[in-house]
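1. Make a model of this:
(chains A and B)
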Protein chains: 2
Amino acid sequence: MINGATRLLVIVGDPVAHVRSPLIFNPLLARMAHDAVLVPWHAPAPHFATVMEGLMRTANLDGIIVTFPFKERAHPLAHRVGPMAKRVGAINALRREADGDWVGEMFDGFGLVHAIEANGERCAGRKVVLIGAGGAGSAIAFALADAGAASLTIHDRNGERAAALARRVGASHQRIELASGQFDLEAADLLINATPVGLNPRDGLPVPIQRLRPEMTVIDIVPASSPTPLLKMAQAAGCPHVGGTAMVEGQAETILAFFGMAAARDDRLGRDEGLQGSLQ
Amino acid sequence: MINGATRLLVIVGDPVAHVRSPLIFNPLLARMAHDAVLVPWHAPAPHFATVMEGLMRTANLDGIIVTFPFKERAHPLAHRVGPMAKRVGAINALRREADGDWVGEMFDGFGLVHAIEANGERCAGRKVVLIGAGGAGSAIAFALADAGAASLTIHDRNGERAAALARRVGASHQRIELASGQFDLEAADLLINATPVGLNPRDGLPVPIQRLRPEMTVIDIVPASSPTPLLKMAQAAGCPHVGGTAMVEGQAETILAFFGMAAARDDRLGRDEGLQGSLQ
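-> Alright, predicted model coming up:
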């Protein structure tokens, strides 16, 4: 029951009507007995800076989750960022510090690796094709490299953006085989869509795809309430598949811990340890 | 259950932890089957303008309730105001129009008259002492004059503010006897505290009071969760009394109708009639 003392969390995006996060986070908050609520926050892209300024000055707002298309634009608004955000150049969560400063971090990569592994697939040693080198795509690339993927081929409609991401990942990870541009699905173990294509009901596939081998795991981070065209194709081909809601679920407790609302069932992720310790 | 498509309402104040509005509005919204939620919004006074700019650019926010100490500062932020706001110079509600403009109106006076009458007291023909000539006090003064009060004596720690309010009410109401400054509780039927004194647990009475006659109705608009010192004194003296929560309850359905969320049980207050028709 929301009252005057209830603490606030928001998820900022444009659009937001499709986001699943309130349905995932609010039951978690209730189970953890936190008097806090997550509400959707629709910042029209032209007014993103104005809306964020207002949010960051709101005294009973403790955390901001950032979603499409703001993950990169939100990064410079943070007073400080965590190690993953620093590598990726994008954030998907901001928390208020006691002094009023805001600290940003990026959890999408962690969340997706977690979701893939919760689905019975592994990332270590696997050959991955990643579509999309934006904020979420960058986070996923670094997290897959951290998780020991054997190879990563990055495709983006902006070829230079894909190549730049491959170079950045390569600078910190020597063992992974990196490429950008052309990709070969016949050799891939994992195909990941990290673009927003599929969110709009009129969208098709994020890239032209002839055939999906049933051995390949197909992952689509688009948080649509019904299966995207890519996920439908994966279902039809008999591929294991993971949807966008799983990526959100895979990071929800970690984000709440980052906000200082540690999950009772995994207090290793409390704000005084782990992520907090490595913020810079 | 809050989801991505849930529409937002906020109550903006400094502080907000004490406000009762979420507890009053959210059950009403649920009963009316509106997928909307009211959350408390703490705008620190120095950042009020920044916070309001962000709120007014948020696309899924349909209404803003304004509480202490912002009712007067919010008035010039509205693109247009209703007739009561125009007379009072303060607002306590803002709604988004289809074109993105915001329309303000002031419902505190209406809400308090409604609460007094719901308590079995009448306003017509009564002698009233009003303490506080700020945003809420001004709205109450005009609403009491509209309701046919016989006399109104206004007291404020800023004597000129009280005198100015008496003059403004007198300019539009010839029948009511108006005074400001000194007041005589022995002759009053209604005593109204429209200051925030009583909100802080260390507060005393808003003005020195020797004695309350048991015939007098005592009203305190401070929305405290436990009785204010003035209400405790009224209880001890055996006076009928009305607290601040009643003023909020007395206007809740009207504010929701103003936001375009008409109450099923009183559709005369829909946005296409009544208040809407007289906006200027």
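2. So which bits of chain A are right by chain B?
-> Where proximity means Cβ under 8 Å from any Cβ of the partner chain, the interface of chain A facing chain B comprises A:1-6, A:8, A:14, A:16-23, A:26, A:37-44, A:47, A:50-55, A:57-61. For the C-beta atoms, the positions are set from N, CA and C on the backbone; glycine is no exception.
3. Of those, which belong to helices?
-> Secondary structure assignment by DSSP state H places A:21-23, A:26, A:50-55 of those in helices.
4. Do me a favour and get the end-to-end distance for stretch A:175-186?
-> End-to-end distance for stretch A:175-186, by Cα to Cα, to the nearest Å: 22 Å.
5. Tell me which residues are up against that stretch.
-> Where contact means Cβ atoms under 8 Å, 6 or more residues apart in numbering or on different chains, the residues beyond stretch A:175-186 that reach it are A:129, A:133, A:144-145, A:148-156, A:159, A:162-163, A:165-167, A:169-170, A:191, A:209-213, A:216.
6. per-residue confidence averaged over that stretch?
-> Stretch A:175-186 shows a mean pLDDT of 95.
7. can you check stretch A:21-28 too?
-> The predicted model assigns stretch A:21-28 a mean pLDDT of 96.
8. Nearest to chain B within chain A, name that residue for me.
-> residue A:54 (1.7 Å; Cβ to the nearest Cβ).
9. Without its sequence neighbours, what residue ends up closest to that residue?
-> If the residues on either side of it in the chain are set aside, residue A:54 comes closest to residue B:54, at 1.7 Å by Cβ to Cβ, 6 or more residues apart in numbering or on different chains.
10. What's the local residue count around the one you found?
-> Using other Cβ atoms under 10 Å in any protein chain shown, the number of residues around residue B:54 comes to 25.
11. what do you get for residue A:108?
-> 29.
12. one step back: thought the residue nearest to residue A:54 was touching residue A:44?
-> No. The criterion here is Cβ atoms under 8 Å, and residue B:54 misses it with residue A:44 at 11.7 Å.
13. Could you name every residue contacting both of these two?
-> What both residue B:54 and residue A:44 touch, as defined by Cβ under 8 Å, 6+ apart, is the set residue A:51.
14. Give me the distance between the nearest residue to residue A:189 once chain neighbours are set aside and residue B:178.
-> Counting by Cβ to Cβ, 6+ apart, the nearest residue to residue A:189 once its immediate chain neighbours are dropped is residue A:126, at 4.2 Å. Computed as Cβ to Cβ, to the nearest Å, the residue A:126 to residue B:178 distance reads 82 Å.
15. now residue A:33
-> With distances defined as Cβ to Cβ, the gap from residue A:33 to residue B:178 amounts to 53 Å.
16. With neighbour numbers in mind, choose between those two.
-> residue B:178 (19 against 7).
17. can you pull the contacts of the closest residue to residue A:14 other than its chain neighbours?
-> Beyond its immediate neighbours in the sequence, the residue positioned closest to residue A:14 (Cβ to Cβ, 6+ apart) is residue A:45, lying 4.9 Å away. Taking Cβ under 8 Å, 6+ apart, we find residue A:45 in contact with A:14, A:69-70.
18. what would the residues you listed look like in JSON lines with neighbour count and pLDDT?
-> Shown next, in JSON lines, are the contacts of residue A:45 (neighbours: other Cβ atoms under 10 Å in any protein chain shown; pLDDT from 0 to 100):
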{"residue": "A:14", "neighbour count": "18", "pLDDT": "97"}
{"residue": "A:69", "neighbour count": "15", "pLDDT": "93"}
{"residue": "A:70", "neighbour count": "23", "pLDDT": "96"}
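19. and which of the residues you listed is nearest to residue A:82?
-> Out of these, the one with the shortest distance to residue A:82 is residue A:70. That distance is 17.3 Å, counting by Cβ to Cβ.
20. Please report phi then psi for the residue nearest the centre of chain A.
-> Against the mean C-alpha coordinate of chain A, by Cα atoms, centre = their mean, the closest residue is residue A:108 at 2.4 Å. The phi and psi torsions at residue A:108 (degrees, to the nearest 10) take the values phi -60, psi -40.
21. What distance do you get for it to residue B:197?
-> Applying Cβ to Cβ to residue A:108 and residue B:197 gives a distance of 50 Å.
22. Where does pLDDT dip in chain A?
-> Low-confidence segments of chain A (pLDDT under 70): A:263-280.
23. Specify the residue ranges that define each domain of it.
-> Following automatic domain parsing, one gets these domains for chain A: A:7-106+A:247-278, A:109-242.
24. Could you find the closest non-adjacent residue to residue A:82?
-> residue A:105 (3.5 Å).
25. can you tell me which residues contact the residue nearest to the centre of chain A?
-> When the contact criterion is Cβ under 8 Å, 6+ apart, the partners of residue A:108 are A:71, A:92, A:135-136, A:139-140, A:143, A:221, A:247, A:251.
26. Which phi and psi values does the residue nearest to it when sequence neighbours are not counted adopt?
-> Using Cβ to Cβ, 6+ apart and skipping the chain neighbours, the partner closest in space to residue A:108 is residue A:139 (4.2 Å). For residue A:139, the backbone dihedrals are phi -60, psi -40 (criterion: degrees, to the nearest 10).
27. how far away is residue A:139 from residue B:47?
-> Residue A:139 sits at a distance of 31 Å from residue B:47 (criterion: Cβ to Cβ).
28. out of these two, which sits in the busier spot?
-> Neighbours around residue A:139 and residue B:47, counted as other Cβ under 10 Å, are more numerous at residue A:139. The numbers are 30 against 17.
29. Point out the other elements, helices or strands, that the strand or helix carrying residue A:235 touches.
-> Using DSSP states H and E, residue A:235 falls within helix A:229-237. Based on contacts counted as 3 or more Cβ pairs under 8 Å, 6 or more residues apart in numbering or on different chains; DSSP states H and E, the elements that helix A:229-237 packs against are strand A:217-220, strand A:241-242.
30. Contacts for it next, please.
-> Outside helix A:229-237, the residues that reach it (Cβ under 8 Å, 6+ apart) are A:193, A:198, A:203-206, A:209, A:211-214, A:218, A:220, A:227, A:240-241, A:243.
31. So which of these belong to strands?
-> Residues from the contacts of helix A:229-237 lying in strands, with DSSP state E as the criterion: A:193, A:218, A:220, A:241.
32. Can you say which of these are buried?
-> By the neighbour-count criterion of 16 or more other Cβ atoms under 10 Å in any protein chain shown, the ones in strands among the contacts of helix A:229-237 include these buried positions: A:193, A:218, A:220, A:241.
33. ok, now which ones touch the last one?
-> For residue A:241, the contacting residues are A:217-220, A:231, A:234-235, by Cβ under 8 Å, 6+ apart.
34. could you redo the last one with a cut-off of 7 Å?
-> A:217-219, A:231, A:234-235 (Cβ atoms under 7 Å, 6 or more residues apart in numbering or on different chains).
35. which among the residues you listed gets closest to residue A:88?
-> For the contacts of residue A:241, the residue nearest residue A:88 by Cβ to Cβ is residue A:219; the value is 17.8 Å.
36. Quickly list what that closest one is bridged to.
-> Residue A:219 forms beta bridges with residue A:192, residue A:242, as assigned by DSSP bridges.
37. quick one: secondary structure of residue A:95?
-> Using DSSP: H, G, I helix; E, B strand; the rest coil, the three-state assignment for residue A:95 comes out as strand.
38. right, and it touches residue A:256 too?
-> No. Counting by Cβ atoms under 7 Å, residue A:95 does not reach residue A:256; the two are 10.1 Å apart.
39. how about the helix or strand residue A:178 falls within: buried residues?
-> Secondary structure from DSSP H and E places residue A:178 in strand A:177-180. Buried residues in strand A:177-180, defined by neighbour count with 16+ other Cβ under 10 Å: A:178-180.
40. Mind putting the residues you listed into a markdown table with distance to residue B:81?
-> Supplementary listing: the buried residues of strand A:177-180 in a markdown table, determined by distance: Cβ to Cβ, whole Å:
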| residue | distance to residue B:81 |
| --- | --- |
| A:178 | 60 |
| A:179 | 61 |
| A:180 | 57 |
